[in-house]
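Novice: Sequence first, then the predicted structure:
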2 protein chains.
Amino acid sequence: MTTDEEHVEAMKKLKTEQREKRLASKKLDRGLILVHTGNGKGKSSSAFGVIVRALGWGHQVGLVQYIKGTWKTGERNFFDQFRDSLTWHTMGEGFTWETQDRQRDIEAAKAALKTSAELLQSGDFDLVVLDEINIVLRYDYLAMEEVLDVLASRADRTSVILTGRDARPELIEAADLVTEMKEIKHPYQQGIKAKQGIDF
Amino acid sequence: MTTDEEHVEAMKKLKTEQREKRLASKKLDRGLILVHTGNGKGKSSSAFGVIVRALGWGHQVGLVQYIKGTWKTGERNFFDQFRDSLTWHTMGEGFTWETQDRQRDIEAAKAALKTSAELLQSGDFDLVVLDEINIVLRYDYLAMEEVLDVLASRADRTSVILTGRDARPELIEAADLVTEMKEIKHPYQQGIKAKQGIDF
(Lines give C-alpha, C1' and ligand atoms only; values in the text may rest on other atoms or scores of the structure.)
Protein backbone atom coordinates (compact mmCIF):
# COMPACT_ATOMS: atom_id res chain seq x y z
CA MET A 1 0.00 0.00 0.00
CA THR A 2 1.37 3.44 -0.90
CA THR A 3 1.26 6.34 1.54
CA ASP A 4 -1.48 7.93 -0.56
CA GLU A 5 -3.61 4.84 -0.28
CA GLU A 6 -2.94 4.68 3.44
CA HIS A 7 -4.02 8.26 3.78
CA VAL A 8 -7.26 7.57 1.88
CA GLU A 9 -7.94 4.56 4.13
CA ALA A 10 -7.26 6.56 7.28
CA MET A 11 -9.53 9.39 6.13
CA LYS A 12 -12.28 6.90 5.28
CA LYS A 13 -12.05 5.36 8.74
CA LEU A 14 -12.14 8.76 10.38
CA LYS A 15 -15.14 9.74 8.31
CA THR A 16 -16.98 6.54 9.26
CA GLU A 17 -16.22 7.14 12.93
CA GLN A 18 -17.46 10.71 12.73
CA ARG A 19 -20.65 9.62 11.01
CA GLU A 20 -21.29 6.94 13.61
CA LYS A 21 -20.77 9.51 16.33
CA ARG A 22 -23.23 11.90 14.66
CA LEU A 23 -25.78 9.11 14.23
CA ALA A 24 -25.36 8.00 17.86
CA SER A 25 -25.71 11.55 19.17
CA LYS A 26 -29.00 11.82 17.33
CA LYS A 27 -30.42 8.71 18.89
CA LEU A 28 -31.79 9.89 22.20
CA ASP A 29 -33.69 13.09 21.61
CA ARG A 30 -33.82 13.60 17.88
CA GLY A 31 -35.74 12.47 14.82
CA LEU A 32 -35.69 8.73 14.25
CA ILE A 33 -34.63 6.55 11.33
CA LEU A 34 -37.40 4.08 10.48
CA VAL A 35 -37.12 1.29 7.93
CA HIS A 36 -40.05 -0.60 6.40
CA THR A 37 -38.83 -3.65 4.54
CA GLY A 38 -39.87 -7.21 3.66
CA ASN A 39 -41.68 -8.93 0.80
CA GLY A 40 -45.22 -8.22 2.04
CA LYS A 41 -47.70 -5.42 1.52
CA GLY A 42 -47.80 -2.46 3.86
CA LYS A 43 -44.33 -0.92 3.51
CA SER A 44 -45.54 2.17 1.68
CA SER A 45 -49.08 2.17 3.07
CA SER A 46 -47.81 2.24 6.62
CA ALA A 47 -45.59 5.15 5.55
CA PHE A 48 -48.81 6.90 4.34
CA GLY A 49 -50.18 6.07 7.80
CA VAL A 50 -47.27 7.79 9.54
CA ILE A 51 -47.67 10.76 7.15
CA VAL A 52 -51.33 10.95 8.23
CA ARG A 53 -50.29 10.94 11.87
CA ALA A 54 -47.71 13.69 11.26
CA LEU A 55 -50.15 15.84 9.25
CA GLY A 56 -52.65 15.39 12.09
CA TRP A 57 -50.16 17.19 14.35
CA GLY A 58 -49.69 19.95 11.78
CA HIS A 59 -46.21 18.69 10.96
CA GLN A 60 -44.35 19.40 7.74
CA VAL A 61 -43.69 16.28 5.68
CA GLY A 62 -41.36 15.69 2.74
CA LEU A 63 -41.63 12.77 0.35
CA VAL A 64 -39.15 11.63 -2.27
CA GLN A 65 -40.27 8.77 -4.48
CA TYR A 66 -37.24 6.93 -5.79
CA ILE A 67 -39.31 4.85 -8.17
CA LYS A 68 -41.99 6.33 -10.34
CA GLY A 69 -45.44 4.85 -10.16
CA THR A 70 -45.34 3.15 -6.79
CA TRP A 71 -47.76 5.68 -5.31
CA LYS A 72 -51.12 4.87 -6.79
CA THR A 73 -54.05 6.99 -7.87
CA GLY A 74 -55.89 6.57 -4.56
CA GLU A 75 -53.23 8.05 -2.33
CA ARG A 76 -52.12 10.64 -4.90
CA ASN A 77 -55.68 11.97 -5.17
CA PHE A 78 -55.95 12.05 -1.43
CA PHE A 79 -52.64 13.64 -0.49
CA ASP A 80 -53.00 16.23 -3.27
CA GLN A 81 -55.30 18.07 -0.84
CA PHE A 82 -52.41 18.59 1.57
CA ARG A 83 -49.75 20.15 -0.59
CA ASP A 84 -49.35 22.97 1.97
CA SER A 85 -47.91 20.53 4.47
CA LEU A 86 -46.62 17.83 2.15
CA THR A 87 -43.70 18.53 -0.19
CA TRP A 88 -43.68 15.83 -2.81
CA HIS A 89 -40.93 14.92 -5.27
CA THR A 90 -41.40 12.15 -7.79
CA MET A 91 -37.91 11.30 -8.92
CA GLY A 92 -36.69 8.22 -10.69
CA GLU A 93 -38.47 9.33 -13.84
CA GLY A 94 -36.39 6.83 -15.74
CA PHE A 95 -36.52 4.10 -13.16
CA THR A 96 -39.32 1.71 -13.84
CA TRP A 97 -39.25 -2.03 -13.35
CA GLU A 98 -38.70 -2.47 -17.08
CA THR A 99 -35.94 0.07 -17.54
CA GLN A 100 -33.15 -0.73 -19.97
CA ASP A 101 -31.00 2.30 -19.33
CA ARG A 102 -28.85 1.77 -16.26
CA GLN A 103 -26.90 4.99 -16.62
CA ARG A 104 -30.04 7.12 -16.79
CA ASP A 105 -31.42 5.32 -13.73
CA ILE A 106 -28.25 5.97 -11.77
CA GLU A 107 -28.47 9.66 -12.61
CA ALA A 108 -32.12 9.76 -11.53
CA ALA A 109 -31.19 8.05 -8.24
CA LYS A 110 -28.39 10.56 -7.62
CA ALA A 111 -30.76 13.45 -8.28
CA ALA A 112 -33.28 11.90 -5.86
CA LEU A 113 -30.61 11.62 -3.17
CA LYS A 114 -29.58 15.24 -3.72
CA THR A 115 -33.22 16.33 -3.24
CA SER A 116 -33.50 14.08 -0.18
CA ALA A 117 -30.40 15.66 1.32
CA GLU A 118 -31.85 19.14 0.81
CA LEU A 119 -35.11 18.20 2.54
CA LEU A 120 -33.35 16.39 5.39
CA GLN A 121 -30.80 19.13 6.04
CA SER A 122 -33.15 22.10 5.66
CA GLY A 123 -34.60 21.84 9.16
CA ASP A 124 -38.05 22.54 7.68
CA PHE A 125 -39.43 19.02 8.04
CA ASP A 126 -40.59 16.85 10.91
CA LEU A 127 -40.74 13.79 8.67
CA VAL A 128 -39.18 12.87 5.35
CA VAL A 129 -40.13 9.65 3.53
CA LEU A 130 -37.62 8.14 1.08
CA ASP A 131 -39.97 5.78 -0.71
CA GLU A 132 -38.44 2.68 -2.34
CA ILE A 133 -34.89 3.87 -1.77
CA ASN A 134 -34.02 0.30 -0.72
CA ILE A 135 -34.63 -0.87 -4.30
CA VAL A 136 -32.18 1.68 -5.64
CA LEU A 137 -29.61 0.61 -3.04
CA ARG A 138 -30.19 -3.03 -3.87
CA TYR A 139 -29.26 -2.38 -7.50
CA ASP A 140 -26.20 -0.36 -6.45
CA TYR A 141 -27.54 2.77 -8.13
CA LEU A 142 -26.49 4.59 -4.99
CA ALA A 143 -23.65 3.81 -2.60
CA MET A 144 -24.79 2.85 0.90
CA GLU A 145 -22.06 5.13 2.29
CA GLU A 146 -23.53 8.19 0.58
CA VAL A 147 -27.01 7.45 1.88
CA LEU A 148 -25.72 6.95 5.43
CA ASP A 149 -23.88 10.28 5.18
CA VAL A 150 -27.11 11.99 4.15
CA LEU A 151 -29.02 10.40 7.03
CA ALA A 152 -26.35 11.47 9.50
CA SER A 153 -26.45 15.03 8.16
CA ARG A 154 -30.18 15.49 8.73
CA ALA A 155 -31.54 18.25 10.97
CA ASP A 156 -32.16 17.24 14.58
CA ARG A 157 -35.93 17.57 14.37
CA THR A 158 -36.28 15.41 11.26
CA SER A 159 -37.38 11.77 11.34
CA VAL A 160 -36.95 9.73 8.19
CA ILE A 161 -38.67 6.61 6.85
CA LEU A 162 -36.89 4.48 4.24
CA THR A 163 -39.02 1.89 2.44
CA GLY A 164 -38.52 -0.99 0.05
CA ARG A 165 -37.75 -4.67 0.21
CA ASP A 166 -34.26 -6.05 0.86
CA ALA A 167 -33.03 -3.27 3.15
CA ARG A 168 -29.26 -3.50 3.44
CA PRO A 169 -27.73 -4.68 6.74
CA GLU A 170 -25.81 -1.38 7.10
CA LEU A 171 -29.11 0.51 6.97
CA ILE A 172 -30.72 -1.82 9.52
CA GLU A 173 -27.71 -1.23 11.73
CA ALA A 174 -28.10 2.56 11.45
CA ALA A 175 -31.89 2.55 11.95
CA ASP A 176 -33.79 3.08 15.19
CA LEU A 177 -36.86 1.10 14.18
CA VAL A 178 -37.08 -1.65 11.59
CA THR A 179 -40.24 -3.51 10.65
CA GLU A 180 -40.34 -6.39 8.22
CA MET A 181 -43.65 -6.73 6.37
CA LYS A 182 -43.85 -10.41 5.65
CA GLU A 183 -46.24 -11.91 3.13
CA ILE A 184 -48.13 -14.79 4.71
CA LYS A 185 -50.86 -15.04 2.08
CA HIS A 186 -51.60 -13.05 -1.06
CA PRO A 187 -54.80 -12.99 -3.12
CA TYR A 188 -52.99 -13.01 -6.46
CA GLN A 189 -51.92 -16.54 -5.53
CA GLN A 190 -55.62 -17.38 -5.79
CA GLY A 191 -56.19 -15.63 -9.10
CA ILE A 192 -57.81 -12.57 -7.55
CA LYS A 193 -57.25 -9.32 -9.42
CA ALA A 194 -55.91 -6.05 -8.00
CA LYS A 195 -58.70 -3.96 -6.44
CA GLN A 196 -59.37 -0.24 -6.60
CA GLY A 197 -59.00 1.34 -3.16
CA ILE A 198 -57.05 -1.64 -1.85
CA ASP A 199 -54.20 -2.20 -4.29
CA PHE A 200 -54.18 1.09 -6.18
CA MET B 1 -74.91 -39.03 21.78
CA THR B 2 -78.64 -38.31 21.92
CA THR B 3 -80.64 -37.53 18.81
CA ASP B 4 -80.86 -33.89 19.91
CA GLU B 5 -77.09 -33.64 20.15
CA GLU B 6 -76.73 -35.34 16.78
CA HIS B 7 -79.11 -32.84 15.29
CA VAL B 8 -77.14 -29.93 16.76
CA GLU B 9 -73.89 -31.39 15.38
CA ALA B 10 -75.41 -31.91 11.93
CA MET B 11 -76.77 -28.38 11.86
CA LYS B 12 -73.38 -27.00 12.93
CA LYS B 13 -71.65 -28.89 10.14
CA LEU B 14 -74.21 -27.68 7.60
CA LYS B 15 -73.78 -24.12 8.81
CA THR B 16 -69.99 -24.33 8.52
CA GLU B 17 -70.29 -25.71 5.00
CA GLN B 18 -72.68 -22.96 3.98
CA ARG B 19 -70.40 -20.31 5.41
CA GLU B 20 -67.39 -21.75 3.62
CA LYS B 21 -69.36 -21.76 0.40
CA ARG B 22 -70.37 -18.12 0.89
CA LEU B 23 -66.79 -17.15 1.68
CA ALA B 24 -65.47 -19.02 -1.37
CA SER B 25 -68.06 -17.47 -3.69
CA LYS B 26 -66.91 -14.05 -2.57
CA LYS B 27 -63.30 -14.72 -3.36
CA LEU B 28 -63.08 -13.99 -7.05
CA ASP B 29 -64.89 -10.74 -7.72
CA ARG B 30 -65.83 -9.33 -4.36
CA GLY B 31 -64.41 -7.35 -1.48
CA LEU B 32 -61.37 -8.93 0.13
CA ILE B 33 -60.55 -9.99 3.68
CA LEU B 34 -57.19 -8.54 4.72
CA VAL B 35 -55.39 -9.34 7.96
CA HIS B 36 -52.54 -7.28 9.46
CA THR B 37 -50.91 -9.18 12.27
CA GLY B 38 -47.51 -9.68 13.95
CA ASN B 39 -45.61 -8.11 16.84
CA GLY B 40 -44.20 -5.15 14.86
CA LYS B 41 -45.38 -1.63 14.18
CA GLY B 42 -47.45 -0.85 11.11
CA LYS B 43 -50.58 -2.98 11.58
CA SER B 44 -52.87 -0.04 12.25
CA SER B 45 -50.82 2.54 10.36
CA SER B 46 -50.96 0.50 7.18
CA ALA B 47 -54.72 0.26 7.75
CA PHE B 48 -54.74 4.11 7.86
CA GLY B 49 -52.79 3.92 4.61
CA VAL B 50 -55.45 1.76 2.95
CA ILE B 51 -58.13 4.12 4.32
CA VAL B 52 -56.25 7.01 2.66
CA ARG B 53 -56.18 5.10 -0.63
CA ALA B 54 -59.91 4.34 -0.41
CA LEU B 55 -60.80 7.94 0.51
CA GLY B 56 -58.70 9.05 -2.47
CA TRP B 57 -61.13 7.13 -4.69
CA GLY B 58 -64.12 8.72 -2.97
CA HIS B 59 -64.96 5.43 -1.26
CA GLN B 60 -67.01 5.10 1.89
CA VAL B 61 -65.06 3.69 4.81
CA GLY B 62 -66.22 2.28 8.14
CA LEU B 63 -64.01 1.86 11.18
CA VAL B 64 -64.73 -0.01 14.39
CA GLN B 65 -62.10 0.25 17.08
CA TYR B 66 -62.31 -2.79 19.33
CA ILE B 67 -59.88 -1.31 21.83
CA LYS B 68 -60.10 2.24 23.04
CA GLY B 69 -57.07 4.42 22.71
CA THR B 70 -55.16 2.60 20.01
CA TRP B 71 -55.79 5.41 17.52
CA LYS B 72 -53.65 8.28 18.58
CA THR B 73 -54.13 12.03 18.54
CA GLY B 74 -52.30 12.47 15.21
CA GLU B 75 -54.55 10.27 13.13
CA ARG B 76 -57.71 11.22 15.02
CA ASN B 77 -57.09 14.93 14.32
CA PHE B 78 -56.38 14.13 10.71
CA PHE B 79 -59.27 11.79 9.92
CA ASP B 80 -61.72 14.06 11.77
CA GLN B 81 -61.68 16.16 8.58
CA PHE B 82 -63.20 13.26 6.63
CA ARG B 83 -66.22 12.35 8.69
CA ASP B 84 -68.41 12.58 5.55
CA SER B 85 -66.66 9.55 4.09
CA LEU B 86 -65.43 7.88 7.25
CA THR B 87 -67.88 6.38 9.75
CA TRP B 88 -66.04 5.87 12.99
CA HIS B 89 -67.08 3.84 16.02
CA THR B 90 -64.91 3.67 19.10
CA MET B 91 -66.17 0.66 20.98
CA GLY B 92 -64.49 -1.30 23.71
CA GLU B 93 -65.03 1.59 26.10
CA GLY B 94 -64.32 -0.80 28.91
CA PHE B 95 -61.51 -2.64 27.20
CA THR B 96 -58.18 -1.17 28.08
CA TRP B 97 -55.00 -3.05 28.69
CA GLU B 98 -55.48 -2.64 32.42
CA THR B 99 -59.12 -3.71 32.61
CA GLN B 100 -60.25 -5.74 35.59
CA ASP B 101 -63.80 -6.36 34.48
CA ARG B 102 -63.93 -9.27 32.05
CA GLN B 103 -67.72 -9.36 31.83
CA ARG B 104 -67.92 -5.69 30.86
CA ASP B 105 -65.21 -6.20 28.25
CA ILE B 106 -67.07 -9.14 26.73
CA GLU B 107 -70.20 -7.02 26.46
CA ALA B 108 -68.25 -4.21 24.81
CA ALA B 109 -66.75 -6.70 22.33
CA LYS B 110 -70.19 -8.09 21.50
CA ALA B 111 -71.54 -4.58 20.93
CA ALA B 112 -68.55 -3.83 18.66
CA LEU B 113 -69.23 -6.98 16.64
CA LYS B 114 -72.90 -6.03 16.30
CA THR B 115 -71.89 -2.61 14.96
CA SER B 116 -69.34 -4.26 12.64
CA ALA B 117 -72.03 -6.59 11.28
CA GLU B 118 -74.30 -3.62 10.55
CA LEU B 119 -71.57 -1.79 8.65
CA LEU B 120 -70.47 -4.91 6.75
CA GLN B 121 -73.98 -5.98 5.78
CA SER B 122 -75.34 -2.54 4.91
CA GLY B 123 -73.82 -2.41 1.46
CA ASP B 124 -72.91 1.24 2.09
CA PHE B 125 -69.16 0.69 2.51
CA ASP B 126 -66.27 -0.13 0.23
CA LEU B 127 -63.98 -0.77 3.16
CA VAL B 128 -64.53 -1.58 6.83
CA VAL B 129 -61.62 -1.73 9.29
CA LEU B 130 -62.03 -3.84 12.44
CA ASP B 131 -59.12 -2.43 14.40
CA GLU B 132 -57.54 -4.66 17.07
CA ILE B 133 -60.28 -7.29 16.77
CA ASN B 134 -57.55 -9.96 16.94
CA ILE B 135 -56.82 -8.97 20.54
CA VAL B 136 -60.44 -9.49 21.50
CA LEU B 137 -60.42 -12.88 19.76
CA ARG B 138 -57.19 -13.83 21.46
CA TYR B 139 -58.79 -13.29 24.88
CA ASP B 140 -61.90 -15.25 23.81
CA TYR B 141 -64.11 -12.22 24.31
CA LEU B 142 -65.70 -13.16 21.00
CA ALA B 143 -66.10 -16.60 19.44
CA MET B 144 -64.15 -17.05 16.20
CA GLU B 145 -67.24 -18.70 14.68
CA GLU B 146 -69.35 -15.59 15.22
CA VAL B 147 -66.74 -13.36 13.62
CA LEU B 148 -66.39 -15.68 10.60
CA ASP B 149 -70.19 -15.62 10.22
CA VAL B 150 -70.16 -11.83 10.19
CA LEU B 151 -67.36 -11.75 7.58
CA ALA B 152 -69.24 -14.22 5.38
CA SER B 153 -72.41 -12.14 5.64
CA ARG B 154 -70.80 -8.93 4.37
CA ALA B 155 -72.06 -7.14 1.25
CA ASP B 156 -70.31 -8.11 -1.99
CA ARG B 157 -68.69 -4.71 -2.50
CA THR B 158 -67.21 -4.53 0.99
CA SER B 159 -63.56 -5.28 1.76
CA VAL B 160 -62.57 -5.68 5.37
CA ILE B 161 -59.28 -5.29 7.24
CA LEU B 162 -58.80 -7.02 10.59
CA THR B 163 -55.82 -5.90 12.67
CA GLY B 164 -54.03 -6.97 15.82
CA ARG B 165 -51.29 -9.31 16.83
CA ASP B 166 -51.80 -13.08 17.19
CA ALA B 167 -54.41 -13.49 14.42
CA ARG B 168 -56.09 -16.88 14.86
CA PRO B 169 -55.34 -19.64 12.32
CA GLU B 170 -59.04 -19.85 11.35
CA LEU B 171 -58.97 -16.17 10.41
CA ILE B 172 -55.77 -16.58 8.39
CA GLU B 173 -57.45 -19.49 6.62
CA ALA B 174 -60.50 -17.36 5.76
CA ALA B 175 -58.48 -14.30 4.67
CA ASP B 176 -57.42 -13.36 1.14
CA LEU B 177 -54.35 -11.39 2.15
CA VAL B 178 -52.33 -11.74 5.34
CA THR B 179 -49.30 -9.64 6.23
CA GLU B 180 -47.22 -10.18 9.32
CA MET B 181 -45.56 -7.01 10.62
CA LYS B 182 -42.45 -8.32 12.31
CA GLU B 183 -40.37 -6.28 14.73
CA ILE B 184 -36.71 -6.42 13.73
CA LYS B 185 -35.56 -3.49 15.85
CA HIS B 186 -37.38 -1.09 18.14
CA PRO B 187 -36.14 2.23 19.54
CA TYR B 188 -37.61 1.61 23.00
CA GLN B 189 -35.03 -1.15 23.30
CA GLN B 190 -32.46 1.64 23.18
CA GLY B 191 -34.18 3.86 25.72
CA ILE B 192 -35.68 6.21 23.14
CA LYS B 193 -39.00 7.76 24.09
CA ALA B 194 -42.21 7.72 22.04
CA LYS B 195 -42.29 10.58 19.54
CA GLN B 196 -45.12 12.90 18.51
CA GLY B 197 -46.07 12.31 14.88
CA ILE B 198 -44.35 8.93 14.80
CA ASP B 199 -45.72 6.97 17.73
CA PHE B 200 -48.81 9.01 18.59
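Specialist: Sure thing, it's come through. Source: prediction; values computed, not measured. Numbers count the residues shown, from 1 in each chain, chains lettered A, B, ... in the order given.

Novice: contacts and neighbour counts: CA atoms only from here.
Specialist: Will do.

Novice: residues touching the residue nearest to A:Val52 when sequence neighbours are not counted, list them.
Specialist: Leaving aside its chain neighbours, A:Val52 sits nearest to B:Glu75 (5.9 Å; criterion: C-alpha to C-alpha, 6 or more residues apart in numbering or on different chains). Neighbour list for B:Glu75: A:Val52, A:Arg53, A:Ala54, A:Gly56 [criterion: C-alpha atoms under 8 Å, 6 or more residues apart in numbering or on different chains].

Novice: Who are the packing partners of the longest helix along chain A?
Specialist: Looking across chain A with DSSP state H, the single longest helix is helix A:3-26. For helix A:3-26, the helices and strands in contact under the criterion 3 or more C-alpha pairs under 8 Å, 6 or more residues apart in numbering or on different chains; DSSP states H and E are helix A:144-152.

Novice: in the helix or strand hosting the residue nearest to A:Val52, what's buried?
Specialist: Taking DSSP states H and E as the definition, B:Glu75 sits inside helix B:73-79. Residues B:Thr73, B:Gly74, B:Glu75, B:Asn77, B:Phe78, B:Phe79 are the ones in helix B:73-79 that count as buried (16 or more other C-alpha atoms under 10 Å in any protein chain shown).

Novice: pLDDT and distance to B:Arg104 added to the residues you listed, as JSON lines?
Specialist: Shown next, in JSON lines, are the buried residues of helix B:73-79 (pLDDT from 0 to 100; distance: C-alpha to C-alpha, whole Å):
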{"residue": "B:Thr73", "pLDDT": "80", "distance to B:Arg104": "26"}
{"residue": "B:Gly74", "pLDDT": "85", "distance to B:Arg104": "29"}
{"residue": "B:Glu75", "pLDDT": "87", "distance to B:Arg104": "27"}
{"residue": "B:Asn77", "pLDDT": "87", "distance to B:Arg104": "29"}
{"residue": "B:Phe78", "pLDDT": "91", "distance to B:Arg104": "31"}
{"residue": "B:Phe79", "pLDDT": "91", "distance to B:Arg104": "29"}
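
Novice: from those residues, which two are the most distant?
Specialist: Distance extremes for the buried residues of helix B:73-79: the farthest pair is B:Thr73 and B:Phe79 at 10.0 Å, using C-alpha to C-alpha.

Novice: can you tell me which residues contact the residue of chain A found nearest chain B?
Specialist: Taking C-alpha to the nearest C-alpha as the measure, chain A has A:Ser46 as its residue closest to chain B, at 3.6 Å. By C-alpha under 8 Å, 6+ apart, the residues touching A:Ser46 are B:Gly42, B:Lys43, B:Ser44, B:Ser45, B:Ser46, B:Ala47, B:Phe48, B:Gly49.

Novice: Narrow these to those in helices?
Specialist: Of the contacts of A:Ser46, the ones assigned to helices by DSSP H are B:Lys43, B:Ser44, B:Ser45, B:Ser46, B:Ala47, B:Phe48, B:Gly49.

Novice: neighbour-wise, which of those leads?
Specialist: Most neighbours among those, by other C-alpha atoms under 10 Å in any protein chain shown: B:Lys43, with 28 neighbours.

Novice: how close does it sit to B:Asp140?
Specialist: Note on B:Lys43: its distance to B:Asp140, by C-alpha to C-alpha, to the nearest Å, is 21 Å.

Novice: What of A:Asn77?
Specialist: If you measure A:Asn77 against B:Asp140 using C-alpha to C-alpha, the figure is 40 Å.
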